[in-house]
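Novice: Turn this into a structure:
(one chain, ligands or ions: 4)
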Amino acid sequence: MLKSSFFQRFPFVPPANFDFHCHSTVSDGLLSPGEVARRAAENGVDLWALTDHDDLGGLTAARAAAVEAGMGFVGGVEISIEWQGVPIHIVGLGFDAADPTLGAGLDELRNGRIERAKRMGAALNAIGIPGAYEGALCFVTNPSLVSRAHFARYLVSIGIARDLPGVFQHYLSPGKPGYVDHRWATLAEAVGWIRGAGGVAVVAHPGRYKMSGGNMRKFLDDFKDLGGQGIEVTCGSHSPDHVLHFARLARSYALHASRGSDFHGPQDGYTDLGKLPSLPEDLKPVWRLLR
Ligand code: AMP
Ligand code: MN
Ligand code: MN
Ligand code: MN
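Specialist: Ligands and ions are numbered 1, 2, ... in the order given. Below is the predicted model of the structure:
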């Protein structure tokens, strides 16, 4: 259904401003799917994807609001995986949202998040911060999708840190006291679910991963071998140097390039929808794969 409505909007002129990465209250964003759609359209986005973490529950409302606003829409998701011990995110685009294998895989990922959140609460309790699990739940907008962002908002609200980057730096990043290991999906599962549902798999915000150059190349080899086709080159967390670096990798790996703000909400200091530099002109934009 999602896919057919997307196809109805093609062929059209190439998008002037596509944004293929953002979040709503269906995961750890602050606006509802419809509010995110309207904000994207107001910001001049003409082809938009909602990519909530591990959940497709916002796509129907997002599509309806996008159509209402006269904006092209692509169904999306951001899947949490681990590859050789590194937590990584894979964006899926343009898949069949009714695909049962994709749906079952995402259900299992969400269920694991609740148990992980309880262990995060226990880990924070052990360093003298009681009640963080219950506190984080007060910020949760989808009961089956609790994220570190919800813990971060709670910890800022009680004055443990001044802002989200501070709380991640000191408490919630790998190696910090509130971080617990978790079994996410594998790279093969995430890419397989997305491809199996007819979608395109994209490496999210590659500049954020703590990986050597050699490891990144090995990761991209695996990603390509499994059927991955895209990489975010411009995104909310990329510096100008990251853009140049990942543009080079997109060229040498013949990956299509994506562009995504990773917007989570107006107050959180994230890049706003559609407010990103354009992709370097020689790169193949990922929306071409969605026709
Ligand atoms: P999780 O999927 O539960 O591991 O949570 C990851 C989420 O935490 C990301 O999607 C962001 O919303 C948020 N996050 C991670 N690192 C940071 C950071 N340094 N600053 C702000 N938010 C972050
Ligand atoms: Mn998030
Ligand atoms: Mn991410
Ligand atoms: Mn994201």
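Novice: which residues does Asp52 contact?
Specialist: Listed by CB atoms under 8 Å, 6 or more residues apart in numbering, the contact partners of Asp52 are 23-24, 26-27, 29, 58, 77-78, 145. Backbone N, C-alpha and C define where each C-beta goes, glycine included.
Novice: cool, and Gly214?
Specialist: Gly214 neighbours (CB under 8 Å, 6+ apart): none.
Novice: Is Arg208 in contact with Ser237, as I believe?
Specialist: Yes - using CB atoms under 8 Å, Arg208 is in contact with Ser237, at 5.4 Å.
Novice: Tell me the predicted confidence for Gln267.
Specialist: pLDDT for Gln267: 76.
Novice: Need the three-state assignment for the residue in the chain that ligand 2 sits nearest to.
Specialist: Nearest residue of the chain to ligand 2: Asp28, at 4.1 Å (CB to the ion). Following DSSP: H, G, I helix; E, B strand; the rest coil, the label given to Asp28 is coil.
Novice: how about stretch 181-193 against ligand 1, any contact?
Specialist: No - judged by CB under 6 Å from any ligand atom, stretch 181-193 stays clear of ligand 1, getting no closer than 7.9 Å.
Novice: Quick one: residues in contact with that stretch.
Specialist: With CB under 8 Å, 6+ apart, stretch 181-193 has contacts from 79-83, 87-88, 90, 92, 99, 101-102, 105-106, 109, 112, 116, 201, 219, 222-223, 226-228.
Novice: switch to 7 Å and redo it
Specialist: Contacting residues not belonging to stretch 181-193 are listed as 79-83, 87, 90, 101-102, 105, 109, 112, 116, 201, 222-223, 226-228 [CB atoms under 7 Å, 6 or more residues apart in numbering].
Novice: again, but for stretch 263-282
Specialist: 17, 19, 22-23, 28-31, 39-40, 43-45, 149, 164, 233-234, 236, 243, 247, 257, 259, 261-262, 285.
Novice: can you pull the buried residues of that stretch?
Specialist: For stretch 263-282, the neighbour count (16 or more other CB atoms under 10 Å) marks 263-265, 268, 270-274, 276, 279-280 as buried.
Novice: Check the secondary structure at the residue lying farthest from the centre of the chain for me.
Specialist: In the chain, counting by CA atoms, centre = their mean, Gly128 sits farthest out from the average C-alpha position, at 31.4 Å. Under the three-state scheme (three-state DSSP), Gly128 adopts coil.
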